[in-house]
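S.K.: kindly return the folded structure for what I paste below:
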Amino acid sequence: MATTFHDKTNRSPSELQDHTRSPNGKVDAYFSADVETDGPIPGPFSILSFAIVYAGSFDGCTFSRPDHYDQVFYRELRPISETFEPEALRVNGLDRNGLWVVGESPEKAMSEADHWVKVIAGAASPVLVAYPLSFDWTWLYWYFIRFSTHGSPFEYSRCFDIKTALAVKAGIPISEAGRSRIEPSLRPTHAHTHHAIDDAIAQAEIFANLFQWTGRHERTD
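M.R.: Numbering: from 1, shown residues only. Below you'll find the model as predicted:
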């Protein structure tokens, strides 16, 4: 039997837990994340900025999306190596040289991000959301483990790939589930600009739209 999803807006994970709980009492709190980097992999290259946006909660029955995506954590970071790819900087437009001077230390930024996520989630379990998940998760998990005082608030596997969800609900291969393939009803109102805040919010909108979407199912008689 299919699960029925109810939608409620503008409620925090803690408020959701007070009223509607899954049989085992678990609630997920979703956080959309976007990173802007100076290369393809962490370690040799650096995160220059990242944003984490509260994107909703789900208890197995009720999905709650925020009215406004105004719960945002954003930092610009000091690079951790001398290595960078010029093309990455052309895409994100960040001043890497300036960030050597004014960028926040990764230790401070990641520890503060960990604390912020946990405060927003309350008793719910934080889940990282991205599109595609593989890039942003790789960077943020590595930085959390390497630099945060308490490691990753998403532990080692609490994550949700929007690209995979689109492929499953739309009944298409992963190779066809890129952003350009999103149908109009699922597209965000927020622009994708390669600024981490804008992109995390746009991604959060896609996530909520897709989560509530019944999908495209072929009927057979």
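
S.K.: so where do the helices sit in the protein?
M.R.: Using DSSP state H, the helices assigned to the chain run over residues 13-19, 86-92, 96-102, 106-121, 133-147, 162-170, 196-212.

S.K.: from those, which stretch is densest packed?
M.R.: helix 196-212 (a mean of 22; mean count of other C-beta atoms under 10 Å). No exception for glycine: its C-beta is placed from N, CA and C like everyone else's.

S.K.: so what does that helix touch, helix or strand wise?
M.R.: If you count contacts as 3 or more C-beta pairs under 8 Å, 6 or more residues apart in numbering; DSSP states H and E, helix 196-212 packs onto strand 28-37, strand 47-58, strand 62-65, strand 72-76, strand 125-130, helix 162-170.

S.K.: how far away is the most centrally placed residue in the chain from residue 200?
M.R.: Residue closest to the mean C-alpha point of the chain, counted by C-alpha atoms, centre = their mean, is residue 32 at 2.1 Å. Per C-beta to C-beta, to the nearest Å, residue 32 is found 5 Å from residue 200.

S.K.: so what sits against both of these two?
M.R.: Residues touching both residue 32 and residue 200 (C-beta atoms under 8 Å, 6 or more residues apart in numbering) are 52-53.

S.K.: between the helices of the chain, which one is closest to residue 45.
M.R.: Residue 45 lies closest, by C-beta to C-beta, to one member of the helices of the chain: helix 86-92, at 7.8 Å.

S.K.: buried ones in stretch 179-194?
M.R.: Neighbour counts over stretch 179-194 (16 or more other C-beta atoms under 10 Å) mark 179, 182, 186, 188, 190 as buried.

S.K.: how about the contacts made by the last one?
M.R.: In other words, residue 190. 69, 198, 201-202, 205.

S.K.: dump the residue contacts of the closest residue to residue 153 other than its chain neighbours.
M.R.: With sequence-adjacent residues excluded and distances taken as C-beta to C-beta, 6 or more residues apart in numbering, residue 153 is closest to residue 117, at 4.1 Å. Residue 117 makes contact with 31, 52, 73, 126, 153-154 under the criterion C-beta under 8 Å, 6+ apart.

S.K.: gap between residue 117 and residue 214?
M.R.: Taking C-beta to C-beta as the measure, residue 117 falls 30 Å from residue 214.

S.K.: if you rank every helix and strand of this protein by mean pLDDT, what lands last?
M.R.: Least confident element among the helices and strands of the chain, by mean pLDDT, DSSP states H and E: strand 6-9 (a mean of 38).

S.K.: any idea how far stretch 144-164 is from the chain center?
M.R.: How far stretch 144-164 lies from its chain's middle: 10 Å, per C-alpha atoms, centre = their mean, to the nearest Å.

S.K.: on that earlier part again, can you redo the helices and strands packed on helix 196-212 as a markdown table with mean pLDDT?
M.R.: Below are the helices and strands packed on helix 196-212 laid out as a markdown table (pLDDT from 0 to 100):
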| stretch | mean pLDDT |
| --- | --- |
| strand 28-37 | 98 |
| strand 47-58 | 98 |
| strand 62-65 | 95 |
| strand 72-76 | 98 |
| strand 125-130 | 98 |
| helix 162-170 | 95 |
